[in-house]
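[1] Next come a sequence and a model predicted from it.
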Amino acid sequence: MKKFMPIVATALIFVACNNSRSKNTHADHMVAVAEDTATIAVDNGKGDTALTKEEAAGVSNMAAKIESSTEKVNLKTASNPFAGLYSAYFELKDALVKDNGAAAQATAKGIQAAIEKVNSEQLDAVQGKLWKEHQRKLAFDTEHIAGIKENEHQREHFVTLSKNMYVLMKSVKPEVTVYYQHCPMYRDGKGANWLSTQKKIENPYLGQSMPTCGSIVETIQ
């Protein structure tokens, strides 16, 4: 969903967004992060979150395999193996919305614990392969978030954490409706996505400076 604003209003919001962010972007550190956590993202045509045609075909193919798998876990009769992981992610998102670095640290540690508790025996072959590919990436970002209190650095890792969590939630659906949401202002207009159980926009990238900035780009249910 795209929202249009008068040119003057948009310019003022953009300036306010930029002024609210720390100038400490940890650029050198994030080169290594980008290389280690590179992954696919939803094709919503916004900034660097768009998929190439080849990646989009790969996602479609993966989804088809998951739907056709005869060994797929029935989440209506079995507990979701990622329930604890998903819950911890949403708690981290809420902490960043509140600009609470200490709480973000604590919830990231919760994600680390949830990763260790995932029972791979509850996954079918396709889901198990997907988990094997993303487990290390999720652990990498949560380890860094758990090790710092500075919000902007935490948010840089939250970008890639959210991308990988999105792929996981598309494979093994949460037991509640999840909204994939987009902030167009973060990272000097490059934008970034996150997942939420609420339709209401509560932006984890801009925090209390612009909590309602963003829109829903996909619903997972």
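    Thanks, I have the structure now. Numbering: from 1, shown residues only.
[2] Could you pull out the helices in this structure for me?
    All helices of the chain, identified by DSSP state H, fall at 7-20, 27-37, 53-68, 83-97, 101-117, 125-146, 151-171.
[3] surely H157 meets I145?
    Yes: counting by CB atoms under 8 Å, H157 does reach I145; the two are 5.1 Å apart. The way it works is simple: take the backbone N, C-alpha and C, and place the C-beta from them, glycine included.
[4] got any ranges where this protein has weak pLDDT?
    1-78 (pLDDT under 70).
[5] what does stretch 175-183 contact?
    Identification of contacts with stretch 175-183 by CB atoms under 8 Å, 6 or more residues apart in numbering yields 42, 44, 46, 49, 75, 80, 83, 166, 169, 191-199, 201, 203, 205-206, 213-221.
[6] 6 Å - rerun?
    46, 80, 169, 191-197, 199, 203, 205, 213-221 (CB atoms under 6 Å, 6 or more residues apart in numbering).
[7] Contacts only, for A192.
    Contacts of A192 by CB under 6 Å, 6+ apart are 159, 183, 186, 205.
[8] which of those lies closest to A102?
    Closest approach between the contacts of A192 and A102, by CB to CB: Y205, at 18.3 Å.
[9] where does I148 fall, phi/psi-wise?
    Torsion angles at I148 (phi, psi; degrees, to the nearest 10) stand at phi -140, psi 160.
[10] Pull the contacting residues for it.
    No residues are in contact with I148 under the rule CB under 6 Å, 6+ apart.
[11] so how far is E121 from it?
    34 Å (CB to CB, to the nearest Å).
[12] and A139, how many neighbours does it have?
    A139 has 15 neighbours, counted by other CB atoms under 10 Å.
[13] W131 versus that one, what's the distance?
    Counting by CB to CB, the gap from A139 to W131 is 12 Å.
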